[in-house]
Structure formats: C-alpha cells, structure tokens
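Student: what shape does this take:
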Amino acid sequence: MTQEIDWEFNWSREYSNMYGSSSLYGYIQNLKKDLGMDIDARGQGANGWYSTFFTKGAKAKLIDLYTQKMQNDIEYIREKMQLLEIDGEKFVKFTKSLKVNKDTSIEDLKKLLDEYYTYILNYTEHLYRSFYMVKAGEDLFEQTIISKANPKQVNEIIKSYSIPLKKAGIFIIANKFKKLKSTDEKVAFLLKEYPWITCGDPFISRMNQDSAKIFAESIKEPKEIVKEITLDLDQNEKNIVKAYQEMLYLKDKRDEYRREAFHYGLKLIEEIESRLNIPKENLSVLMPVEINMALDGENVLDLIEKRKLGYIVEVIDSLETTREGKQVVSEFVKQEDDKNTDEIKGITGCSGKVRGKVQLIKHSKDIKNFKKGNILVAITTNPEYVPAMDKAIAFVTDEGGITSHAAIVAREQNKPCIIGTQVATKILKDNDIVEVDANHGIIKKI
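Tutor: Residues are numbered from 1 along each chain as shown. A predicted model of the protein is given here:
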C-alpha cells in the first residue's frame, strides 16, 4: 500500500515523535479546512529526527491558494495569521498555568498531558499554514523586487525592505543588549526574560548558564541601515511588501509561541520523567497516549527501544498506523539525490566566494562544537544556530530562499551564502573541502 503512494518530501527537523506527529496532523487539518482536500501523510523518525511526506502536489496547491489570496484578498491572509496569534497566546497561557509537583495524582498528570497535546495540535494547524503563507509572500516579494530593481542592487534593496513591521524576541534581545555592558548582564537578562528562546521541542532541556552565555556572545548589535533604497511601486506591490513585512514578524513570533509554551510545559514532562524514571530523551519517541499507558503501569521500555531504531507514522485514507523497529528503516521514503556529484547548485543568499572545510550541523548539540573558519552546512537555520553562524565563513542550506533566516544573517554578516540546494546535507560530509561560489550559486568539491 505504501509503495503505491507518490510521496512528496516536505521537511525534516530535529523533533520528537509527539511534536513531529502533531505537525503532521496539523498539516492535514490545514489542507482540509483551506482547500477541502483529504490527503495521505507520513512521518519518519530516526536518530532524533522527524521527516514528513505528503500526497504529491498538495503543497503546491496550498502555496497557489495563498499566492492568489495575497494578491486579491489580503484580509484572508491577515485573518488566518490572527488565528495563529490567538491560539499561540492560548497555548502559552495554558503552559504557564500548569501546576504540577510530586503530589499531583497520576490521573491529573494524564489529564494535563492530554490537554497539553490538544493545545499543541490546535497550534500546529496554524503554525504550518503560516509556513506556506510565508513561502507565498516571500515568493511574491522576491518577484516584485527582482522585476523592479537594478540587478546589482537586489541584495541591498531586499535588506532595505526586510524589516518586520513589529519586533519579535530576537530583535528585542539584540536591542536590549545594546544597553547592557557585560556578558554577565546579558546572561542574566536572557535567563530571566527569554529562557525559552532555544527550546524548540517539548523534550528539550532549558537554557542554562553556559548555553545562555554562548547565545549572548553570539548576538550582535543591530546595525542601522545607512542608506535606504526604495522602489517605485504601485499600490498592489506596496500591499505585497507590507504583507511580507508582517510575515517577517510572524516568522519569528510563530516560533516564539511554541518555544515559550514548550519551556513552561517542561515542568509537566519532567514530573512525568521523574515518576516513570525514564529520561525525557527516551520519552520523546512516545506519543501522549503511550506515555499515559506507562503512567498506568504498562511496560513501554521495549517499545522505546524499537522506536529509537526507527518508526513510521502514516495517515492513509484517514486511517492512522504506526510501525517501529529496525526493519521499518528499509521502508523509509528516500529523497532522490546524486551522492557522486562534485557540484551542487542553489540560490544566492549573499554574494561572495570562499574555500574551506565543511562542518555539518545535524543536531542542535552540534552548534556548540562548530569550529571557527568552517563552512556551515545545514538543512535550515534559525536563531538557535547564530553562535555557529558567527564562527562560519559561509552558509549552505538545503531549504530557504533569499529572504530565509540564513540569507538574512549572511547579508548582515556579509558572508557568502547559498540556500535552497535541496541536497547539500546529503552530498557533503564533514571535512570535505569545498568552494562556495555564491556569486553564481555553486558549491564545488575540491
């Protein structure tokens, strides 16, 4: 049955089963509500990563819908974005209100975990809708800029217009750091006001003194734009630019909601961890119903060991199934790529040309081990990657466009950057010597 489906790869992230699968279900609901489509979906988990696949063509239909709405019905887009903010606020409020301790009953822990997961499910529907809205908005923005701008000024113009209409956490932190004199003051501020900024999954540990120091030292003071370049835009084009600037805020804020909620929800996860005497890293391969089974006294240790080897979650014809164990890895859908190629092509995020040694970031723990002077290669980047990006001489990513996080940071730091390669993390290996020619969007093995 699985082989008959023409799966289309969507994304791969360092997510737990609970969050990865909630994202899978959120996407299904997104398609159903916005396009009236029932789709098949698959999640694959192994080595702490979760990859998603959906019915081929579904993603393109969503982006087409949002592109049309962006051009002809911008209020539709804003209403959908507002739903994300409403449910994001509810999600954070719920986790902040959680009260659990050693005296909390098993039944109450189970009930709270079910509620917590319901909030995650509700939020991921809006969260993953926003990804495709942002993609549509970025594509329209890029088309507008490229059609109007002098090719030599494209990067400068994009930077000039790429200013969020509202500031989210990372900008607030950077501005606050301008007023703080020492690293110790910055660390204290982070731990008090933004301890959740690196918490990207329900099972990730809190920021501590050491990780806060690394993060604080990587944040640069925001640079003032010396010369603002403007274009002669008609009203529709101005609306597209404004919507794009609203989405720049949304890109940061949507992650902040989940990171903050996961941070405050960690007290529930840690209490369950303590009751079961199972490390949260192992609990991360289970779903809430299975964690609740464990709280009822059922043995889940064998299931955990099998899931750690690999697992598949499928929703086909609305029927959900899960398989795990070493044997399912052979059933994983694989992206087509040519591992023997010596040349990779992508999109220029920031021009420049360098040679250096590849260092892959596959897991969040790889960030602190990144060596100064290497070329950073990753699926994508986010604010958590900034400490490594600060040390790198160039960035290469599988995902993203000229308005992605990696491209924006590259232009800010004036480092060569090639994004949207699709295959860089599969073809390149640690210590490969490569030339990153971001002037032409080409990475060559030397």
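
Student: and the residue lying farthest from the centre of the chain, its phi and psi?
Tutor: When distances to the mean C-alpha position of the chain are computed (Cα atoms, centre = their mean), the maximum falls on residue 103, with 36.0 Å. Here is the backbone geometry of residue 103 (degrees, to the nearest 10): phi -90, psi -10.

Student: that one and residue 275, how far apart?
Tutor: Here the criterion is Cβ to Cβ, to the nearest Å. By it, residue 103 lies 12 Å from residue 275. Bear in mind the C-beta positions are built from the backbone N, C-alpha and C, glycine included.

Student: could you tell me which ranges of this protein sit under the pLDDT cut-off?
Tutor: Along the chain, the parts satisfying pLDDT under 70 run over 1-3, 220-228, 335-340.

Student: and if we set it to 50?
Tutor: Scanning the chain with the threshold set as pLDDT under 50 gives 1-3, 225-226.

Student: how's it carved up into domains?
Tutor: If you go by automatic domain parsing, the domain ranges for the chain are 2-131+254-331, 141-248, 343-445.

Student: now do the same end-to-end measure for the last one.
Tutor: From the first residue to the last, domain 343-445 extends over 7 Å; the measure is Cα to Cα, to the nearest Å.

Student: let's number from 471 now, not from 1
Tutor: Sure, I'll start numbering at 471, so the last one becomes domain 813-915.

Student: and it, how far out from the chain's middle?
Tutor: The chain centre lies 16 Å from the centre of domain 813-915; the measure is Cα atoms, centre = their mean, to the nearest Å.

Student: same deal with the second one?
Tutor: Distance, stretch centre to chain centre, for domain 611-718: 15 Å (Cα atoms, centre = their mean).

Student: deepest-packed of the domains of the chain, please.
Tutor: domain 813-915 (a mean of 20; mean count of other Cβ atoms under 10 Å).

Student: neighbouring contacts of stretch 873-884?
Tutor: Applying Cβ atoms under 8 Å, 6 or more residues apart in numbering, the external contacts of stretch 873-884 come out as 608, 611-612, 625, 628-629, 632, 690, 693, 714, 718, 721, 819-820, 822, 848, 850-853, 855-856, 859-860, 864-865, 867, 870-871, 886-887, 889.

Student: now stretch 560-575
Tutor: Residues outside stretch 560-575 that contact it (Cβ under 8 Å, 6+ apart) are 578-579, 582, 585-586, 589-590, 592-593, 727-728, 730-735, 737-738, 741, 744.

Student: try 7 Å this time
Tutor: Residues outside stretch 560-575 that contact it (Cβ atoms under 7 Å, 6 or more residues apart in numbering): 579, 582, 589, 593, 727, 730, 731, 734, 735, 737, 738, 741.

Student: shouldn't residue 718 be in contact with residue 631?
Tutor: No - between residue 718 and residue 631 there is no contact under Cβ atoms under 7 Å: 9.5 Å.

Student: which strand or helix spans the nearest residue in space to residue 490 that is not next to it in sequence?
Tutor: Sequence neighbours aside, residue 520 is the residue nearest to residue 490 in space, at 3.1 Å (criterion: Cβ to Cβ, 6 or more residues apart in numbering). In this structure, residue 520 sits in strand 519-525 according to DSSP states H and E.

Student: quick one: list the elements packing against that strand.
Tutor: strand 477-483, helix 487-505, strand 511-516 (3 or more Cβ pairs under 7 Å, 6 or more residues apart in numbering; DSSP states H and E).

Student: got the angle for the second one vs strand 511-516?
Tutor: Here the directions of helix 487-505 and strand 511-516 differ by 160 degrees (axes from the mean of the first three to the mean of the last three Cα atoms, to 10 degrees).

Student: how far off centre is helix 487-505?
Tutor: With Cα atoms, centre = their mean, you get 15 Å for helix 487-505.

Student: swap in stretch 530-541?
Tutor: For stretch 530-541 - counting by Cα atoms, centre = their mean - the centre lies 21 Å from the chain centre.

Student: wait, doesn't the residue nearest to residue 490 sit right on residue 483?
Tutor: Yes - applying Cβ under 7 Å as the test, residue 520 and residue 483 come out as touching, 6.0 Å apart.

Student: what about residue 738, distance to residue 587?
Tutor: According to Cβ to Cβ, residue 738 and residue 587 sit 10 Å apart.

Student: same thing with residue 839?
Tutor: 33 Å.

Student: the contacts of stretch 873-884 in strands, which ones?
Tutor: 819, 820, 848, 864, 865, 867, 887, 889 (DSSP state E).

Student: turn these into CSV, including distance to residue 758.
Tutor: CSV is the format used below for the ones in strands among the contacts of stretch 873-884 (distance: Cβ to Cβ, whole Å):
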residue, distance to residue 758
819, 39
820, 42
848, 30
864, 41
865, 36
867, 32
887, 39
889, 35
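
Student: max pairwise distance over these: which two?
Tutor: With Cβ to Cβ as the measure, no two of these lie farther apart than 820 and 848, at 15.6 Å.

Student: beyond the helix or strand residue 904 falls within, next helix or strand please.
Tutor: Assigned by DSSP H and E, residue 904 belongs to strand 903-907. Downstream of strand 903-907, the first helix or strand assigned by DSSP H and E is strand 912-915.

Student: identify the residue spatially nearest to residue 749, adjacent ones excluded.
Tutor: Closest to residue 749 by Cβ to Cβ, 6+ apart is residue 743, at 6.6 Å.

Student: check contacts around that neighbour.
Tutor: 749, 750, 753.

Student: now, these that are in helices?
Tutor: 750, 753 (DSSP state H).

Student: residue 555: which of the contacts of residue 743 is nearest?
Tutor: Nearest to residue 555, judged by Cβ to Cβ, of these is residue 750 at 28.9 Å.

Student: about what we covered before: what's in contact with the strand holding residue 520?
Tutor: Against strand 519-525 from outside (Cβ under 7 Å, 6+ apart): 477-485, 487, 490, 493-494, 497, 509-514, 803.

Student: quick one: strands adjacent to it?
Tutor: strand 477-483 (antiparallel), strand 511-516 (antiparallel) (DSSP bridges).

Student: distance between that strand and the chain's centre?
Tutor: With Cα atoms, centre = their mean, you get 14 Å for strand 519-525.
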